[in-house]
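*Asks:* Sequence and predicted structure, then a few things I'm wondering about:
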Amino acid sequence: MKKTLIFILMILVLIVSSCNLFLKEEYGELVLSFDGTMPDGARALDANGLPVLSSSPMKINIIREDGYTVTRELGAEEPKSLIELVPVGEKIEIIVTAINPSGQWSGRASHTVVSGQNHVRVLLNKNISGLKNLLFTHKKTDDLSTPYNLTLYMSGKEINAPQSQLQHNFGRDSKGRLYISVKNGDPYIYRYMSEGVYDTNKQLASDADFLANDYTTGKMYGLSGSAISKIEENLSLTSLPAPLPSVSAPFAVDNGIFTWASIGLSVIHLWKAGIAPPGVHGSFSAQAHEYHLGTNDGFAIKDIFIRNGYVYLLLAAVRNDGSRGLYSLGAVLKWKIGTDPASGNPQFEGTPVVLGKSAGSPAIENGVLKNYDYSANFYGAVKVIGFDEENIYIADDGFDAAYVDYAPHIVKNRNRIAALNIATNALSFSDAGPAKWYNEWKEWAGTKTIVWDYSGSSYYQVETGAENPLPTAFATGLTDVFCYDAAGNFYVAKEMPDKEVHRFELKDDGSYNSGVNKPISVMPDAMAVSVSSIAADAGKTILFYYKAPSGSPYTHKIERLAWPTDSFTPSVPPPPAITLADLGQNDTVTALAANKDGIFAAVKTVTNKGYANEKYKITVKKYAHTPLSGGSTTVSGTVTVVGETLANYDLSDRNKYINENLNALYIKDDILYGIITKQKGYVPESNNSGSKEVFIGGKLIKMGETGASFGSPAVTLYENEGFTPETSGRFAPYRFIAIKPKKLVIASKGYYGKLINDDDQYNPITEKKTYKKVFVFDIGNWANPAETVTQAGFSKDLDYCHGFMWK
């Protein structure tokens, strides 16, 4: 059978004539036109599978001997005619391409221009010369019966395939038609026309593990298990002899030559009908070793394709394996197919080349790729989606990972189209538009935001805090003393019935698993979790927790609980406590933070408490890590946050009392932040305070880098003093409540209170306002935080009984 269809109504007639009235003798007039008898059709393809030329866009290249090319593009509705001047004696090549929504068909002819009239026939090849890019999104849903959805985009037309119990397989034939294998109860293969219209009643009651087309012969094939069948025009199946070794998905075929590969054996197989077992294979083990393309490197074969006598093997890897890093990589292995002159069988020639991946094992730093050039390399080569005379187009599916929030995280999905030049092997990439390919990895948006009620009696995981009603509590019976580790795991202290710390492990979606509890020696006022910088303690995570001494000798200690980082199994007995020998009876630690650089403690110092000259001061001290085996610590840096301040303690006027507290510390990207509340008016946790009007405000501060330079003055980033009825309570920060990229998320609960009338001491008239909010600061844009009113009660409420109370 001829490879081209001589179809009378599709002959292109080239007329070259000498026109002495208008042209010099050495030029001819090249006229390209159709005979006008071509009927319009309702579809972009006629019954023979060729485009209806009178209504199809066309591209015409006239190439001269010196390489100079004249290109003309004709729209679908334009007359299909062209006039060009060509020198007599010039040898020209004419390439005509007709285009429809799915693909393109080409024909070419050579001709030497002579004097007089010239007739040249250019016949379109019946088999497609190029397929337009087939964009798609294939995803798994939560539907238990048919969890797989497939959406395809053909020239802007969206096709929603039937849902499937198994992953869809799909491919296109030489007419640009689309075949989709679906299992929904019984398996079926559905066919769609090249314009994206379902081919009514054209479905095959069979399954296919993979579908491939021979773009040279025009035959379509399906693989089920290890059996290959030819899919006939009427969608019946014709079985083929079973190749040895057995074919596996994915496979490709061109001009009757089948190919498939094994990544475990690092071989690519070639087979055609009549070849003696075990067929032909070539080893790419040297390339697999040089480029680290094995299964141990996370790689898998995703697709295989033959074009212009070359096999293209598509590979992709996704790794999330501790020290080996979090990354996605891809590659294409290209190998030339030749012919054995003795047997006539196909064989590989030369050495395979690896495209789109750097040689060697990827460099890893902080669990992610270091300086990897994705502008020249694949994220993951997963499927051939189109081709033309110059390029093969490949779905590039993967992600960017970065070390953020003290851990490797996926920060950006990448869905690209790779154009691989057939002649030069050059790669270029463009955005895939609506296509998401196979995987849409969860981008790190941070942890869920944590809010709570009644000093920690109920904890909730929320997106913004605005949820009303709040979701079901994920933990109950705890306190409001909590912290996060570098991986985002959440730790909360529990007091009753036993003193414990509960650890809630972070899941991939930012939410938390149910808690695991371990005993602790005291109920802490503050705690933090970090790794140590002590070499002997490498691989250990440590909980630091502090309880203020209740009396003499006022020994301040940071207790510790330590465990292997990958397993929350604390050592027994626990390591010895760290003694803070520089603190005395006037000092209290109100907040802790820790990282590899040290342990940071907010220290409030109160002198002459309960007297007219009561004063307070707030500092943040950096303590050196000490071995888990024991040892003394030293202060390696101090920041004065609030200088010594008179508290205005006056029993006769409790309204003028001033108090400040540093409620929480938080380390973000090795920068230490803190949140402070400032109160005016005496508001203890007990009654009889005597205060009649109370205010509260707050501020967010930065104390700088946690490394060797720690000790610079604190900087106020955001402040609301709150000492007016209109501003009081609007920002009263208490805890950092989420880990999110480039953000600080803070719980705030403030108040304003005023006694209006207490003539009836049992029923005083008061004005009480409370403000419960979640603040989100974009780091660097401190002036305009996002504020969300929440239904969570947080830790304290304003009450009145012979004076205001904050309890």
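*Replies:* Thanks, I have the structure now.

*Asks:* Where do the strands of the stretch 1-150 of the chain begin and end?
*Replies:* 12-17, 27-33, 58-63, 69-74, 81-87, 91-99, 103-112, 118-122, 130-131, 135-140, 148-154 (DSSP state E, counting those that start in this stretch).

*Asks:* what about stretch 160-173, how long is it end to end?
*Replies:* 19 Å (C-alpha to C-alpha, to the nearest Å).

*Asks:* pLDDT of it, averaged?
*Replies:* Stretch 160-173 carries an average pLDDT of 91.

*Asks:* Can you list the strands that whichever strand or helix holds residue 529 pairs with?
*Replies:* Counting by DSSP states H and E, the element that carries residue 529 is strand 526-531. If you go by DSSP bridges, strand 526-531 pairs up with strand 540-546 (antiparallel).

*Asks:* partners of the next helix or strand after the partner strand in the sheet?
*Replies:* Next helix or strand after strand 540-546 toward the C-terminus (DSSP H and E): strand 557-564. Using DSSP bridges, the strands paired with strand 557-564 are strand 540-546 (antiparallel), strand 578-579 (antiparallel).

*Asks:* would you list the ones you listed in JSON lines and tack on mean pLDDT, mean neighbour count and distance to residue 135?
*Replies:* In short, each C-beta sits where N, CA and C put it, glycine included. Converted to JSON lines, the strands paired with strand 557-564 look like this (pLDDT from 0 to 100; neighbours: other C-beta atoms under 10 Å; distance: least, C-beta to C-beta, whole Å):
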{"stretch": "strand 540-546", "mean pLDDT": "96", "mean neighbour count": "24", "distance to residue 135": "45"}
{"stretch": "strand 578-579", "mean pLDDT": "96", "mean neighbour count": "18", "distance to residue 135": "59"}
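
*Asks:* Could you export those strands as a markdown table, including distance to residue 318?
*Replies:* Shown next, in a markdown table, are the strands paired with strand 557-564 (distance: least, C-beta to C-beta, whole Å):
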| stretch | distance to residue 318 |
| --- | --- |
| strand 540-546 | 26 |
| strand 578-579 | 42 |
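
*Asks:* For residue 667, which of those strands is the nearest?
*Replies:* strand 540-546 (12.8 Å; C-beta to C-beta).

*Asks:* For residue 376, which of the strands of the stretch 1-150 of the chain is the nearest?
*Replies:* It is, among the strands of the stretch 1-150 of the chain and with distance given as C-beta to C-beta, strand 135-140, at 22.9 Å.

*Asks:* rank the strands of the stretch 1-150 of the chain by pLDDT, which is bottom?
*Replies:* strand 12-17 - the lowest mean pLDDT of the strands of the stretch 1-150 of the chain, at a mean of 42.

*Asks:* contact partners of the strand holding residue 529?
*Replies:* Residues from elsewhere that reach strand 526-531 (C-beta atoms under 8 Å, 6 or more residues apart in numbering): 481-486, 489, 491, 493, 501, 537, 540-546, 565, 589-596, 599-602, 665.

*Asks:* Put the alpha carbons of it into CSV.
*Replies:* The C-alpha coordinates for strand 526-531 follow below in CSV (Å, rounded to 0.1, in the frame of the first residue of the first chain):
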residue,chain,number,x,y,z
ALA,A,526,6.7,28.1,78.9
MET,A,527,8.3,25.6,76.5
ALA,A,528,10.1,25.2,73.2
VAL,A,529,11.4,22.4,71.0
SER,A,530,14.6,22.3,69.0
VAL,A,531,17.6,20.2,68.0
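
*Asks:* just how off-centre is that strand within its chain?
*Replies:* 29 Å (C-alpha atoms, centre = their mean, to the nearest Å).

*Asks:* Could you point out the bridge partners of the nearest residue to residue 430 once chain neighbours are set aside in the sheet?
*Replies:* Residue nearest to residue 430 in three dimensions, not counting chain neighbours: residue 417, with 5.0 Å by C-beta to C-beta, 6 or more residues apart in numbering. In this entry, residue 417 is beta-bridged to residue 395, residue 430, by DSSP bridges.

*Asks:* wait, isn't residue 417 in contact with residue 432?
*Replies:* Yes. With contacts counted by C-beta atoms under 8 Å, residue 417 reaches residue 432, the gap being 5.3 Å.

*Asks:* Check the contact lists of the two and give me the overlap.
*Replies:* Counting by C-beta under 8 Å, 6+ apart, the residues touching both residue 417 and residue 432 are 395-396.

*Asks:* Pop the domain breakdown of the chain in here.
*Replies:* For the chain, the structural domains run 8-126, 131-224, 241-444, 654-807, going by automatic domain parsing.

*Asks:* Can I get those domains in JSON lines including mean neighbour count?
*Replies:* JSON lines is the format used below for the domains of the chain (neighbours: other C-beta atoms under 10 Å):
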{"stretch": "domain 8-126", "mean neighbour count": "16"}
{"stretch": "domain 131-224", "mean neighbour count": "19"}
{"stretch": "domain 241-444", "mean neighbour count": "18"}
{"stretch": "domain 654-807", "mean neighbour count": "19"}
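
*Asks:* So for residue 521, which of these sits nearest?
*Replies:* Residue 521 sits nearest to domain 654-807 of all the domains of the chain, at 22.1 Å, using C-beta to C-beta.

*Asks:* mean confidence score for stretch 268-278?
*Replies:* The pLDDT scores in stretch 268-278 average 90.

*Asks:* cool, stretch 511-522 as well?
*Replies:* The pLDDT scores in stretch 511-522 average 91.

*Asks:* Only C-alpha atoms, please: export it in PDB.
*Replies:* Once non-C-alpha atoms are left out, stretch 511-522 reads as follows in PDB (Å, rounded to 0.1, in the frame of the first residue of the first chain):
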ATOM      1  CA  SER A 511      -3.500  19.400  59.700                       C
ATOM      2  CA  TYR A 512      -2.500  17.300  62.700                       C
ATOM      3  CA  ASN A 513      -2.900  13.700  63.700                       C
ATOM      4  CA  SER A 514      -4.200  12.600  67.000                       C
ATOM      5  CA  GLY A 515      -1.800  13.300  69.900                       C
ATOM      6  CA  VAL A 516       0.800  11.100  71.500                       C
ATOM      7  CA  ASN A 517       1.500  12.000  75.200                       C
ATOM      8  CA  LYS A 518       4.600  11.600  77.300                       C
ATOM      9  CA  PRO A 519       5.100  12.400  81.000                       C
ATOM     10  CA  ILE A 520       6.900  15.600  82.200                       C
ATOM     11  CA  SER A 521       8.100  16.500  85.700                       C
ATOM     12  CA  VAL A 522       6.300  19.900  86.200                       C
END
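
*Asks:* Which one of the domains of the chain lies nearest to residue 620?
*Replies:* Closest of these to residue 620 is domain 654-807, at 5.7 Å (criterion: C-beta to C-beta).

*Asks:* From the chain's centroid, how far away is the closest one?
*Replies:* On C-alpha atoms, centre = their mean, the centre of domain 654-807 falls 36 Å from that of its chain.

*Asks:* what do you get for stretch 143-157?
*Replies:* 20 Å.

*Asks:* repeat for stretch 134-141
*Replies:* 16 Å.

*Asks:* which residues sit in contact with residue 700?
*Replies:* 673-675, 716-719, 733, 744, 746, 777, 782.

*Asks:* Remind me which helix or strand it belongs to.
*Replies:* Here residue 700 is assigned to strand 693-705, by DSSP H and E.

*Asks:* Please put the alpha-carbon coordinates of that strand into PDB.
*Replies:* Taking Å, rounded to 0.1, in the frame of the first residue of the first chain, the C-alpha atoms of strand 693-705 are listed here in PDB:
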ATOM      1  CA  GLU A 693     -11.300  51.500  84.100                       C
ATOM      2  CA  VAL A 694      -8.900  49.100  82.400                       C
ATOM      3  CA  PHE A 695      -7.100  49.200  79.000                       C
ATOM      4  CA  ILE A 696      -4.800  46.800  77.100                       C
ATOM      5  CA  GLY A 697      -2.600  47.300  74.000                       C
ATOM      6  CA  GLY A 698       0.200  45.400  72.500                       C
ATOM      7  CA  LYS A 699       3.100  45.300  70.100                       C
ATOM      8  CA  LEU A 700       5.100  42.900  67.800                       C
ATOM      9  CA  ILE A 701       8.800  43.200  68.100                       C
ATOM     10  CA  LYS A 702      11.900  41.800  66.400                       C
ATOM     11  CA  MET A 703      15.100  41.000  68.200                       C
ATOM     12  CA  GLY A 704      17.200  40.200  65.200                       C
ATOM     13  CA  GLU A 705      19.200  37.200  64.100                       C
END
